[in-house]
Structures are given as C-alpha cells and as structure tokens.
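Participant: Attaching a predicted model along with its sequence, questions to come.
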Amino acid sequence: MTVALLSIELHMPMAQSLKDKRMVLRRLKDRLGPFNVAVAEVGHQNLWQRAELGVVTVASSDESAEGTLSSVMKEIDRLEPGVVIRSQVEYLR
C-alpha cells in the first residue's frame, strides 16, 4: 500500500479578494472528486492570490499513485492554466 501526497502551490493573479480565490479553489476541488483523492487547502489561507493545496491518494503501488496524481495535475492545468508555480510528490510509507 502506498500513500502519496501532492503539494501544489498556486498563484492566481486574477483573484481580487478571498472570495475570488475561494471560488477558484472550490471549482478545482469539485472537479478533482472523480479522481478519488482528498484535497485540502493547507497554506496561504489569508492571501488573495496564493494558495497551497494538499492532494492525497492511497494506491496499491507507487506507479498507480503516481498515475493518479499526474492526472490530477493535468486536470488542474486544464482548468486553470498557468496557476501552478510549484508541485512536489511525497510517498508516505
């Protein structure tokens, strides 16, 4: 069993308030539901144009977890192109 954590840092220059930022994050979280992952905002909660998301998946192998998280990154890039400024995957054993 593998638990994989994807940390994503986002920059949203179009957000003019926390409400704008929350709308973008809610849309992302809703669209990531079919990937069977847990998503939470884990950093920069009080900044308008920055966010840090944690995305976690549990899989039977590292390859399966990596495939899921790769699909998540592609979906984020498709929905909000150019907002990801950093991403990192960690495997928790």
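Facilitator: Sure thing, it's come through. Numbering: from 1, shown residues only.
Participant: need the contact list for E80.
Facilitator: 10, 12, 24, 28 (C-beta atoms under 8 Å, 6 or more residues apart in numbering). All C-beta spots, glycine's among them, are computed from the backbone N, C-alpha and C.
Participant: Please identify the helix or strand for the residue nearest the centre of the chain.
Facilitator: The centroid of the chain falls nearest to L53 when counting by C-alpha atoms, centre = their mean (4.7 Å). According to DSSP states H and E, L53 maps onto strand 50-59.
Participant: Report the mean confidence score over that strand.
Facilitator: Across strand 50-59, the average pLDDT comes to 97.
Participant: And the helix or strand just after it, what's buried?
Facilitator: Next along the chain after strand 50-59, taking DSSP H and E as the criterion, comes helix 62-79. In terms of neighbour count (16 or more other C-beta atoms under 10 Å), helix 62-79 has its buried residues at 65-66, 68-69, 72, 76.
Participant: Next one: V84 from L5, what distance?
Facilitator: For V84, the distance to L5 equals 16 Å [C-beta to C-beta, to the nearest Å].
Participant: Correction: the previous question concerned D62.
Facilitator: 13 Å.
Participant: And the contacts of E80, which is closest to F35?
Facilitator: L28 (11.4 Å; C-beta to C-beta).
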